[in-house]
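[1] sequence unknown, structure follows:
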């Protein structure tokens, strides 16, 4: 990468290369800059721009004997693969770092895309990249197994997906472990709903009798031979009654195409699902990430330590 960066800086700016760019009809106005070794987004930007000038690089090599930094076809292949892979990470970082919309329900979706990308590219032919991808996949799976349940919960409260979509994804990807993982997500969602319901937001179905009556108010078998039938009807009614959560999960998901504002959606359904609306409001208020995208892209250490960034007691 460093060689390519030096090549760009020293050759694409000279007169010969400018003529080649014009001859080849390259209209890209940006020029690849120097690589910043601590920021992989800088590397990606440099490589993506360099790809647009590939023809100019190759022609410059054939016309200028002093040009010694020409990337080989194998190196260009690696550049294209790296750009494709890094784009997944950049897209995910840009989305979850947004501040003008809810991001907590988008985090699972972006992490799943990265998961699929790492799995699909794991059989890549370039040995150097394959080795890096293997280590990346191992580390990703480590953190995924620790956090996927929490990532799924806000996703469930997106009316476009709900639990059905998670069940679909897990069944496609986890084989025999799919049910176990799905059950963990569903259990946490129901526990969360129960916790909010205990605050008085949801009526206790078990305590509701048939048409306002309770069992002890019903006549006994001694005075009414059909008392058993009344009890059966009361039991059937209780079993058929569902909670807000059940009704929400049973509804068909909202089409995922077109514009969709999840906050406005829940605001409009607050009367229909008061408890779920409270949960959604609290969950969606949290940003998916509190780390600035610049920090996420950087591998450098802190420049100012804790001592230098704090005041003395007398100050």
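    Great, that's in hand. This is a predicted model, so every value here is computed, not measured.

[2] can you list the domains in this protein?
    Following automatic domain parsing, the chain resolves into domains at 1-86, 102-202+243-287.

[3] what's the mean pLDDT across the last one?
    Here domain 102-202+243-287 scores 90 as its mean pLDDT.

[4] what do you get for the first one?
    For domain 1-86, mean pLDDT rounds to 74.

[5] what's the spacing between that domain and its chain's center?
    32 Å (Cα atoms, centre = their mean, to the nearest Å).

[6] likewise for stretch 102-122?
    Stretch 102-122 has its C-alpha centroid displaced from the chain centroid by 5 Å (Cα atoms, centre = their mean).

[7] circling back to that earlier point, can you put the domains of the chain in CSV and add distance to residue 227?
    All C-beta spots, glycine's among them, are computed from the backbone N, C-alpha and C. Converted to CSV, these look like this (distance: least, Cβ to Cβ, whole Å):
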stretch, distance to residue 227
domain 1-86, 71
domain 102-202+243-287, 29
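
[8] in the protein, which spans are helices?
    2-11, 15-23, 40-52, 54-63, 73-96, 107-120, 127-156, 162-173, 178-196, 227-240, 244-250, 262-268, 274-284, 293-297 (DSSP state H).

[9] relative orientation of the longest one and helix 162-173 in degrees?
    The one in question is helix 127-156. Counting by axes from the mean of the first three to the mean of the last three Cα atoms, to 10 degrees, helix 127-156 points 150 degrees away from the direction of helix 162-173.

[10] just the angle between helix 127-156 and helix 178-196, please?
    40 degrees.

[11] which other helices and strands contact helix 127-156?
    Here helix 127-156 touches helix 73-96, helix 107-120, helix 162-173, helix 178-196, helix 274-284, going by 3 or more Cβ pairs under 8 Å, 6 or more residues apart in numbering; DSSP states H and E.

[12] can you give me the buried ones in that helix?
    129, 133, 136-137, 140, 148, 151-156 (16 or more other Cβ atoms under 10 Å).

[13] farthest pair within these?
    For the buried residues of helix 127-156, the maximum inter-member distance is 35.5 Å, found between 129 and 156 (Cβ to Cβ).

[14] distance of residue 195 relative to residue 88?
    The gap separating residue 195 from residue 88 is 36 Å, by Cβ to Cβ, to the nearest Å.

[15] one more: residue 120?
    10 Å.

[16] looking at those two, which one has more neighbours?
    residue 88 (17 against 9; other Cβ atoms under 10 Å).

[17] that one is in contact with residue 117, isn't it?
    Yes - if you go by Cβ atoms under 8 Å, residue 88 and residue 117 touch, sitting 4.6 Å apart.

[18] in contact with residue 286, which residues?
    Contacts here follow Cβ atoms under 8 Å, 6 or more residues apart in numbering; on that basis residue 286 touches 104, 154.

[19] over to residue 263?
    For residue 263, the contacting residues are 102, 284, by Cβ under 8 Å, 6+ apart.

[20] that older thread, now distance to residue 104 too, for the buried residues of helix 127-156, in a markdown table please.
    A markdown table is the format used below for the buried residues of helix 127-156 (distance: Cβ to Cβ, whole Å):
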| residue | distance to residue 104 |
| --- | --- |
| 129 | 32 |
| 133 | 28 |
| 136 | 24 |
| 137 | 25 |
| 140 | 20 |
| 148 | 14 |
| 151 | 9 |
| 152 | 11 |
| 153 | 9 |
| 154 | 4 |
| 155 | 9 |
| 156 | 11 |
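
[21] residue 21: which of these is nearest?
    residue 129 (28.9 Å).

[22] so which of the helices of the chain is nearest residue 30?
    Closest approach to residue 30 among the helices of the chain is made by helix 40-52 (5.2 Å; Cβ to Cβ).
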